[in-house]
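S.K.: okay, here's the prediction I keep looking at, along with the sequence it came from:
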Amino acid sequence: MTPKQQAYETLARTMIKNFEKRNIEAFYCSTKEDAVKLALDIMKDGGTVGMGGSATVRETGLVDAIKETPSLHFIDRDVAKTPEEKKSIYLQTMASDYFLMSSNAVTIDGELVNIDGNANRLACLLHGPEHVLVLAGMNKVVDDVDSGIQRIGTHAAPPNAARLGTRTPCAVIGHCSDCHSPDCMCCQIVITRHSRHKGRIKVILIGEELGF
Ligand code: SF4
């Protein structure tokens, strides 16, 4: 184990305890392959699986693994061809058994910090799907909520803007300028500090750099 991996593991142990006091169950996997195995084990009873747009989740290979698991049905929003189909898939996602996402930042104290433009991803985090599974590389860990918001403006939003082709200032100058542009990806900034329903939100911290 490298010193960096050892440090990630130590920090994750601290964070798991901090999540616990917030009614959020957290786990640590040193590799994305282990994270996929754990996620499939969590979903072993089967059901429908929805997802917000997440580079992290795709990078782990979990989506492909779900598609190969007969007891799981992946609600694939990429197949929507019309606005009606898109709406129908969104409604199915809202009622899914498992919702997969990452988090734009995760604080050491166990808070999730997220932005959203249309808010469909955050709506599912807040309410709807029976279970929410958050996969986050340790590169998303920050000291506190303020650092999380700062991380998003500097490290998460600019590459996301490039990925999505948004015409936002962060796409042009490479950092946040607190915009009100029509494409703004930060219409909502949500801090998840507690889960009322024990175990509804599960966080898998992964000892690799994943997503933005
Ligand atoms: S507020 Fe605007 S400029 Fe700042 S990160 Fe969000 S989309 Fe980019």
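M.R.: It's in.
S.K.: drop to CA atoms for contacts and neighbour counts, all remaining ones
M.R.: Will do.
S.K.: part of a helix, is Asn23?
M.R.: No: Asn23 sits outside any helix when classified using DSSP: H, G, I helix; E, B strand; the rest coil, being coil.
S.K.: can you report how many residues neighbour the residue nearest to it when sequence neighbours are not counted?
M.R.: Nearest non-adjacent residue to Asn23, counting by Cα to Cα, 6 or more residues apart in numbering: Lys198, 4.9 Å away. For Lys198, the count of nearby residues is 13 (other Cα atoms under 10 Å).
S.K.: closest point of this structure to the ligand, which residue?
M.R.: Taking Cα to the nearest ligand atom, the ligand has its nearest neighbour within the chain at Cys176, 3.5 Å off.
S.K.: please tell me how far that residue sits from Lys4.
M.R.: As for Cys176, its distance to Lys4 is 29 Å (criterion: Cα to Cα, to the nearest Å).
S.K.: more neighbours: which of the two?
M.R.: Between Cys176 and Lys4, counting by other Cα under 10 Å, Cys176 is the more crowded of the two (21 against 11).
S.K.: centre-most residue in the chain?
M.R.: What sits nearest the mean C-alpha location of the chain, by Cα atoms, centre = their mean, is Ser102, with 1.3 Å.
S.K.: is that one in contact with Ser54, as I believe?
M.R.: Yes: the criterion here is Cα atoms under 8 Å, and Ser102 meets it with Ser54 at 6.2 Å.
S.K.: what helix or strand is Asp146 on?
M.R.: Counting by DSSP states H and E, the element that carries Asp146 is helix 145-151.
S.K.: so Leu100 touches Gly52, yeah?
M.R.: Yes: using Cα under 8 Å, Leu100 is in contact with Gly52, at 6.6 Å.
S.K.: which of these two has more neighbours?
M.R.: Per other Cα under 10 Å, whichever of Leu100 and Gly52 has more neighbours is Leu100, with 24 against 19.
S.K.: what does this structure have sitting close to the ligand?
M.R.: Near the ligand, the residues belonging to the chain are 153, 157, 168-170, 176-179, 184-186 when assessed by Cα under 6 Å from any ligand atom.
S.K.: low-confidence ranges in the protein?
M.R.: Counting by pLDDT under 70, the chain shows no low-confidence range.
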